[in-house]
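Undergrad: pasting the sequence and the predicted coordinates here, then a few questions.
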Amino acid sequence: MFWYGHDGGWGWFAMSVSMVLFWLVIVGIGVLIFRALGRTREHPHTHIQAGPSPEQLLAERFARGEIDEEEYQRRLTTLRASPSSTNKE
């Protein structure tokens, strides 16, 4: 008697699917809010890891035999020179 004059259950199917979709949207919004509130406020540049210094890179090249001792000492002296003496204009 309940289905008399109806489309044979399509209304029930549509109602069930829409209820599932409704709850998925509600849960999704809740998860997004929870994640947004749980996130710490950090500056993006705080996660940048500094690589090896130029002196460390030079020492590694010397240790691998890519440069000889004379070139190593010359480049090390250049690196350790004060920036004001190399940037005179």
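TA: Thanks, I have the structure now. A quick note: this is a predicted structure, and the numbers were derived from the prediction, not measured.
Undergrad: just the strands in this structure please.
TA: Counting by DSSP state E, the chain forms no strands at all.
Undergrad: so, low pLDDT: which residues of this protein?
TA: Low-confidence segments of the chain (pLDDT under 70): 1-9, 41-49, 82-89.
Undergrad: and the helices in it?
TA: 10-38, 54-64, 69-80, 83-86 (DSSP state H).
Undergrad: for these, give me a markdown table that also has mean neighbour count.
TA: For glycine as for every other residue, the C-beta is placed from the backbone atoms N, C-alpha and C. Shown next, in a markdown table, are these (neighbours: other C-beta atoms under 10 Å):
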| stretch | mean neighbour count |
| --- | --- |
| helix 10-38 | 10 |
| helix 54-64 | 13 |
| helix 69-80 | 12 |
| helix 83-86 | 7 |
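Undergrad: quick check: Glu69 touching Phe62?
TA: Yes - between Glu69 and Phe62 there is a contact under C-beta atoms under 8 Å: 7.3 Å.
Undergrad: list phi and psi for Gly65.
TA: Main-chain dihedrals, Gly65, degrees, to the nearest 10: phi 90, psi 10.
Undergrad: and it, how many neighbours?
TA: 7 (other C-beta atoms under 10 Å).
Undergrad: separation between it and Val17?
TA: Using C-beta to C-beta, to the nearest Å, we find Gly65 at a distance of 70 Å from Val17.
Undergrad: thought Arg61 was touching Ile67?
TA: Yes - assessed by C-beta under 8 Å, Arg61 is found in contact with Ile67 at 5.3 Å.
Undergrad: between those two, which contacts overlap?
TA: Counting by C-beta atoms under 8 Å, 6 or more residues apart in numbering, no residue touches both Arg61 and Ile67.
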